[in-house]
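Colleague: show me the folded form of this:
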Amino acid sequence: MAYSSEVKLLIVAPAWVGDMVMAHSLIQSLSSRPVAKIIDVLAPPSTLPIASRMNEVRKTYVLDVGHGRIGLSARMKAAALIREESYDEVYVLPNSWKSALVPFLARIKKRIGWLGEMRFGILNDARPLDKSALPLMVERYSALSLGKHEQFVRPALDPVLQFDVENRSRLVSRFNLSGTGAIALAPGAEFGPAKKWPVSYFADVAKYCLDSGRQVWLLGSKKDVSDCELIETKANGAINLAGKTSLEDVVDLISLADTLVCNDSGLMHISAALNTKTVALFGSTSSEYTPPLSKNSWVVSRQLDCRPCFQRVCPLGHMDCLKKIEATEIISILDI
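Modeller: Numbering: from 1, shown residues only. Sure thing, here's the model as predicted:
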C-alpha cells in the first residue's frame with residue numbers, strides 16, 4: 001500500500017498486561033517505516049496505561065467491555081469516534097472475532113490480523129498463523145508489520161517502556177521508600193495458581209533481603225492483597241503496596257527497584273521492558289513462548305515430565321514445577 005503523506009495507524013490492543021507490553025515490538029517496527037506516521041491505540045482499561053508509556057503512541061482510546069462480552073453498543077460508539085480519524089491501517093492483535101468489530105464498523109481501509117476466529121471479511125488482510133514458525137508471542141505481534149509475503153527476521157525488537165520521574169518521586173515520598181537498592185516482590189499471577197510460586201517462599205526471600213539491609217516492596221493489584229499480607233506477616237518490615245497503587249505507579253516503582261522477583265506475569269514483562277533486573281519463575285507456562293524480553297533477566301524453572309501443561313490449576317495437584325524451586329536459588333541470583 002503506497003502513501004503520499006502521513007499514514008495513520010491504529011492498534012487494537014490485547015487485554016493482558018504482558019501481551020500489551022509485547023505489542024510494543026510491533027509498534028516499534030511500524031514506527032521505523034520510512035514514512036511519516038501516527039500510531040494510536042484502542043485498548044481495554046486493564047492495558048491502556050501501558051500504551052501511554054510507549055514513546056511512539058500519540059493517543060489512546062478506551063474500550064470498556066467486560067471479558068467475553070460482545071458489548072455491541074460500546075463497540076459501535078468507539079467505532080463512530082475512530083471513524084472520524086480516517087485511519088489507513090489497523091492491526092488487530094487479539095484473535096477473537098469481536099475484537100475485529102470496531103475496525104470493521106469504523107470502515108478502516110486496511111484491517112490486518114491473524115485469521116483467529118475465522119475473521120474472513122471482517123479483516124481484509126487476515127493471515128493464517130504458523131505457530132511453529134513463530135513460536136514466541138512477541139514474534140507473532142511483530143510479524144504483522146510485514147507484507148503478506150515478507151519473511152520475519154529474528155530477533156523481534158525488545159519492548160521498551162518509559163517511566164515518569166516526577167511520579168516516581170511522589171511515590172517515594174508517599175510511601176517512605178528508598179531511592180536505591182530495593183528488592184520488589186510480585187507474588188501474583190492473573191492467569192491462575194499454577195503460575196504462582198508459593199507465598200511462603202516469597203516470604204523467605206523477603207526475610208533474607210531485609211536481614212541484608214535492603215528495603216523490600218510488595219507489589220500487586222487488589223487481587224494480590226492477601227498474598228502480600230501473608231508475606232508482610234512473615235517478613236516484618238516489608239512494605240506492602242498491593243492494592244494501593246495504579247498500574248502506572250507500579251511501572252514507575254519497578255523502574256526504581258534494583259530487582260523484581262516475580263512469576264510469569266504482566267509485571268515480569270513490565271520489568272523487562274524497563275531493563276530492571278528481573279528474576280522470573282515459570283511454573284505451568286513456558287519461557288519458550290513468553291519469556292521476559294531483556295538481557296537483564298533470569299528465568300528459573302524445573303524440567304518435569306508434566307511441565308509445561310499451560311493449565312490455570314495444577315492438574316496433578318502437587319505444584320512440583322514451582323515447589324521444587326527453593327528460595328535459596330532465588331537468593332543466589334539476587335546476590336549476583
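Colleague: low pLDDT regions in this structure?
Modeller: 1-5 (pLDDT under 70).
Colleague: tell me which stretches of it form strands.
Modeller: 7-12, 37-43, 57-62, 89-92, 110-114, 125-127, 183-186, 216-218, 239-240, 259-263, 277-281, 297-300 (DSSP state E).
Colleague: so where's the longest helix in this protein?
Modeller: Secondary structure of the chain per DSSP state H: the longest helix is helix 17-31.
Colleague: just want the angle from that one to strand 37-43.
Modeller: 160 degrees (axes from the mean of the first three to the mean of the last three Cα atoms, to 10 degrees).
Colleague: can you tell me what sits against helix 17-31?
Modeller: Helix 17-31 has contacts (Cβ atoms under 8 Å, 6 or more residues apart in numbering) with 9, 11, 13-14, 37, 39, 43, 46-47, 50-51, 54, 56-57, 91, 93, 137-138, 141-142, 144-145, 156-161, 190, 247, 265-270, 272-273, 290, 293. To be clear about C-beta, it is placed using only N, CA and C from the backbone, and glycine gets the same treatment.
Colleague: what about residue 81, neighbour count?
Modeller: 13 (other Cβ atoms under 10 Å).
Colleague: and it, how close does it get to residue 105?
Modeller: Going from residue 81 to residue 105 by Cβ to Cβ, to the nearest Å gives 11 Å.
Colleague: one more: residue 293?
Modeller: Residue 293 sits 33 Å away from residue 105, going by Cβ to Cβ.
Colleague: ok, the two, which is more surrounded?
Modeller: Each of residue 293 and residue 105 had its neighbours counted (other Cβ under 10 Å), and the higher figure belongs to residue 293 (24 against 18).
Colleague: just the buried positions in stretch 245-255, please.
Modeller: By 16 or more other Cβ atoms under 10 Å, the buried positions in stretch 245-255 come out as 245, 247-255.
Colleague: stretch 168-188 too?
Modeller: Neighbour count says stretch 168-188 has 168, 171-172, 177, 182-188 buried, by 16+ other Cβ under 10 Å.
Colleague: that older thread, can you say which of the strands of the chain is nearest to residue 318?
Modeller: Relative to residue 318, the nearest member of those by Cβ to Cβ is strand 277-281, separated by 16.3 Å.
Colleague: in its sheet, what does that closest one sit against?
Modeller: Paired with strand 277-281 in the same sheet, following DSSP bridges, are strand 259-263 (parallel), strand 297-300 (parallel).
Colleague: ok, residue 248 to residue 179 distance?
Modeller: Residue 248 is 19 Å from residue 179, by Cβ to Cβ.
Colleague: same check on residue 83?
Modeller: Distance of residue 83 to residue 179, computed by Cβ to Cβ: 47 Å.
Colleague: you'd agree residue 195 is up against residue 189?
Modeller: Yes: using Cβ atoms under 8 Å, residue 195 makes contact with residue 189 at a distance of 3.8 Å.
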